[in-house]
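> give me coordinates for this.
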Amino acid sequence: PVRMYLTGAYTSTLDVQDALYALVPLEIGVTVALVLVIVGASFRSAGLAARLFFTVLTSLAWTFGMLCLVYEPGPVQDAFRHVTPSLEYSVGVYWVVPPMSFSILVGLALDYDVLLMSRVVELRREGWSDRAATCLAVEKSAGVITAAGLIMTVSFAGLLGSSAIVLNQYGFVLFLGVAADTFLVRTLLVPACLAILSRARANWWPGKMPGVALEGAREREALVAGLWSPGLVDGSGDLLP
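This next block holds a predicted model:
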């Protein structure tokens, strides 16, 4: 038998690619496990940790799905060519982009989520219901999270003008991921998940939250009045001076 060996830049790149993707399952598993443990321990809730896993997974799936649609040859790529001319030279997703961007996207999504949920927990402990605490938290954290998201999206959007396809794809993934977390996940998906879990009383499981200070119409009236705490309503339902 004759043994033949290949050498050169392409074979070295293939070896690096195989070694990197062999570690991707470990990277994903360790990252997800650590995130779930840290979030669950911080908020003392397995329900919130499970909800975070779902929302982050949804955001990642949508982002990487759009990456494949735009940079793989096809009608979607043709439609996006007027945005960035570099798509003309794209024949697929560059192998280093998904594993390199995964941790960054998870970190950014976790950052925005923790900012929002910290506010939700604070308001819930003051006596607001889950629904009211979520609405108030989204309103009160909107300025900070939106400003941070805009800064990041504008920064990453600069890479879309690069003629190097790897930088172009890297900028696209980060731009789209941050935009989705800022304007879709935080404003729509997270509140919807919290509302569903609230009906099943699973938001704070296995931890406990204090009882709701105001019920039904009285809570809605307090929200309409712009109160930041249900404690500003006396026993008769009137606003405290």
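
> only C-alpha atoms for contact and neighbour calcs from this point on.
Fine.

> now the longest helix seen in the chain: buried residues?
Longest helix in the chain, counting residues (DSSP state H): helix 9-43. The neighbour-count check on helix 9-43 (16 or more other CA atoms under 10 Å) flags Val32, Val35, Leu36, Val39, Gly40, Phe43 as buried.

> what is that helix packed up against?
helix 46-71, helix 97-125 (3 or more CA pairs under 8 Å, 6 or more residues apart in numbering; DSSP states H and E).

> could you give the angle of the first one to helix 9-43?
Right, helix 46-71. Compare the direction of helix 46-71 with that of helix 9-43 by axes from the mean of the first three to the mean of the last three CA atoms, to 10 degrees and you get 150 degrees.

> other SSEs contacting helix 46-71?
Packing partners of helix 46-71 (3+ CA pairs under 8 Å, 6+ apart): helix 9-43, helix 75-80, helix 97-125, helix 165-180, helix 190-199.

> next, the buried residues of that helix.
Going by 16+ other CA under 10 Å, helix 46-71 has these buried residues: 46-49, 51-53, 55-56, 59-60, 63-64, 66-67, 69-71.

> state the mean pLDDT of it.
Average pLDDT, helix 46-71: 91.

> how far off centre is that helix?
Remark: helix 46-71 is offset 7 Å from the chain centroid, using CA atoms, centre = their mean, to the nearest Å.

> what's the angle from it to helix 190-199?
Using the same axes, to 10 degrees: helix 46-71 against helix 190-199 is 150 degrees.

> quick one, helix 46-71 and helix 165-180 angle?
Using the same axes, to 10 degrees: helix 46-71 against helix 165-180 is 140 degrees.

> could you do the longest one as well?
Our comparison of helix 97-125 with helix 165-180, counting by the same axes, to 10 degrees, yields an angle of 10 degrees.

> so what does the next helix or strand after helix 97-125 touch, helix or strand wise?
As assigned by DSSP states H and E, the chain's next helix or strand after helix 97-125 is helix 130-157. If you count contacts as 3+ CA pairs under 8 Å, 6+ apart, helix 130-157 packs onto helix 97-125, helix 165-180, helix 190-199.
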